[in-house]
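Undergrad: here's my sequence, what's the structure:
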Amino acid sequence: MSNLNRRQVLKAIGLTAGAAVLSEAGATATPIAPKAGNGFVYSLNMSTIRGHNLGFVRELEVAAKAGFTSVEIWIDTLQTYLQGRGTLTEAKKIIDGLGLKIEDAIGFAPWLVDDEATRKKGLEQLQQEMEMLAKLGCHRIAAPPAGMTQGPVIDLDVVTERYLTILKMGEQTGVMPQLEMWGGSQNLKHISQVLYVATQCGNPNARILLDVYHIFKGRSAVEALNYVGHHALDILHVNDYPGGISPEQISEPDRVYCGDGIAPLKQILQIVKNPERPLVLSFEVFNKSYYAQDALTVAKTALAKMKAVTP
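TA: From the prediction side, this is the model:
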C-alpha cells in the first residue's frame, strides 16, 4: 500500500496497545461473554438461505429449527417485513420466542463515499438502521466499503476519519459498526488496511469484520491474522472455496460449506480463537445450488460442517 508508510505502521502499532488498555473504559463496547464450549458461537448469516425467499420471520424459524441460537440478519429483508405491516415490537417477540440472538446485521449504507451529498444520505440511512436494530437487541452492523468498490482508492487516514464518524453514531445508538473487509474491492480489500483503520482511530470500540472467502479473494496472507488480536474481532464469516479457481476469478456463488473446499480453515480458526471470550463464527455463502435445496437441510448442514472444522 503506497499510502501506508513505515511511520504510519509504527503509529498504528502503538495505538493497538493503547486500544487494548482503553477497552475497559468503552461504555458501549460489546460486553465480554462468559467462556463457553470450544470458544466459538455458531451463527447463520441469512445469505445462506436468502435465495429461498422465505421472508424475515421464516428465515428466523428455519435457523432456530436447525439448531442455531445466533444469526446475522439482512437489513433489506427486515425492511420488507416492516413494509408488510410487521413491527419491530412483534419482530423482537418472535426473535426472543425462538431463543435467537441477532449478532449482527448486513447493510450497505454508503458511509465511505467521496461525494458529500451521497455520504450525508448514507450516514442518515445508517443512523436509521442503527436505531431500528437497537430495538431488536442487535448491537452490531456491518460497515463494508459499499459504493467504493471500484475506486478511487481512498487514503487510509481519510477512511479512518469517516469510520470514526460512524463509530460515534454507534456509541450513541448502541449498535457498533464492524469495519468489513471486501477482497474484491478497491478499498478495504486487505487485512492490513482494515486493521490500520481500526488501530489508527484509537477508539476502543473499533472492530473489524473478516471473511474466509474475502481473505482469499483479496490475497491477504492467513498469517496476517496473527496481528489482528482478539480485541479487534467479534465476528468471523466462515465458508470454504473450491480449488482450481484463482482469487481474480472466484466469485460469491463459489462459496461452499466448511470442509468442502481447500480453505485453511483449521489454521485460521486456531489463530483467531479467543481464550477470553467466544468468537462468533457466522456461516455466509451465496451458493445457487444450495438455494435449490430445502432451506432447513441447508441450515442443518451448515451448522454440522461448521462444528466439524472447529478446533
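Undergrad: list the residues that contact the nearest residue to Arg219 once chain neighbours are set aside.
TA: Among residues not flanking Arg219 along the chain, Pro247 sits closest, at 5.3 Å (C-beta to C-beta, 6 or more residues apart in numbering). Backbone N, C-alpha and C define where each C-beta goes, glycine included. Taking C-beta atoms under 8 Å, 6 or more residues apart in numbering, we find Pro247 in contact with Gly183, Phe216, Lys217, Gly218, Arg219.
Undergrad: weed out the non-buried ones from those residues.
TA: In the contacts of Pro247, burial by neighbour count holds for Gly183, Phe216, Lys217, Gly218, counting by 16 or more other C-beta atoms under 10 Å.
Undergrad: my read is the first one is in a helix, agree?
TA: No: with DSSP: H, G, I helix; E, B strand; the rest coil as the criterion, Gly183 is located in coil rather than a helix.
Undergrad: that one touches Gly218, doesn't it?
TA: Yes: contact criterion C-beta atoms under 8 Å: Gly183 and Gly218 qualify, at 2.9 Å.
Undergrad: who touches the spatially most central residue of the chain in this structure?
TA: Central residue of the chain (C-alpha atoms, centre = their mean): Leu209, 4.2 Å from the mean position. Going by C-beta under 8 Å, 6+ apart, Leu209 touches Asp104, Ala142, Ala143, Pro144, Gln178, Leu179, Glu180, Met181, Asp234, Ile235, His237.
Undergrad: show me the two of these that sit farthest apart.
TA: Pro144 and Asp234 (15.3 Å; C-beta to C-beta).
Undergrad: who's more crowded, the two?
TA: Between Pro144 and Asp234, Pro144 has the larger neighbour count (other C-beta atoms under 10 Å), namely 27 against 23.
Undergrad: show the pLDDT at that one.
TA: Model confidence at Pro144, given as pLDDT, is 98.
Undergrad: now the residue lying closest to Asp234 once chain neighbours are set aside: how far from Phe283?
TA: Closest residue to Asp234 apart from its sequence neighbours, by C-beta to C-beta, 6+ apart: Arg207 at 5.3 Å. To Phe283, Arg207 is 19 Å away according to C-beta to C-beta, to the nearest Å.
Undergrad: circling back to that earlier point, chain center to the helix or strand that contains the residue nearest to the centre of the chain, what's the gap?
TA: Per DSSP states H and E, Leu209 falls inside strand 207-211. From the chain centre to the centre of strand 207-211 is a distance of 5 Å (C-alpha atoms, centre = their mean, to the nearest Å).
Undergrad: each with direction, which strands does it pair with?
TA: strand 176-180 (parallel), strand 233-238 (parallel) (DSSP bridges).
Undergrad: okay if I get these as a markdown table plus mean pLDDT and distance to Ala308?
TA: Below are those laid out as a markdown table (pLDDT from 0 to 100; distance: least, C-beta to C-beta, whole Å):
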| stretch | mean pLDDT | distance to Ala308 |
| --- | --- | --- |
| strand 176-180 | 98 | 26 |
| strand 233-238 | 98 | 12 |
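Undergrad: now the ones you listed in JSON lines, with distance to Glu116?
TA: What follows is the strands paired with strand 207-211, written out as JSON lines (distance: least, C-beta to C-beta, whole Å):
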{"stretch": "strand 176-180", "distance to Glu116": "19"}
{"stretch": "strand 233-238", "distance to Glu116": "31"}
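Undergrad: which of the ones you listed sits closest to Gly97?
TA: strand 233-238 (23.9 Å).
Undergrad: can you tell me what sits against that closest one?
TA: Residues from elsewhere that reach strand 233-238 (C-beta under 8 Å, 6+ apart): 30, 43, 45, 72, 103-104, 140, 178, 207-214, 258, 265, 268-269, 272, 274, 279-284, 306.
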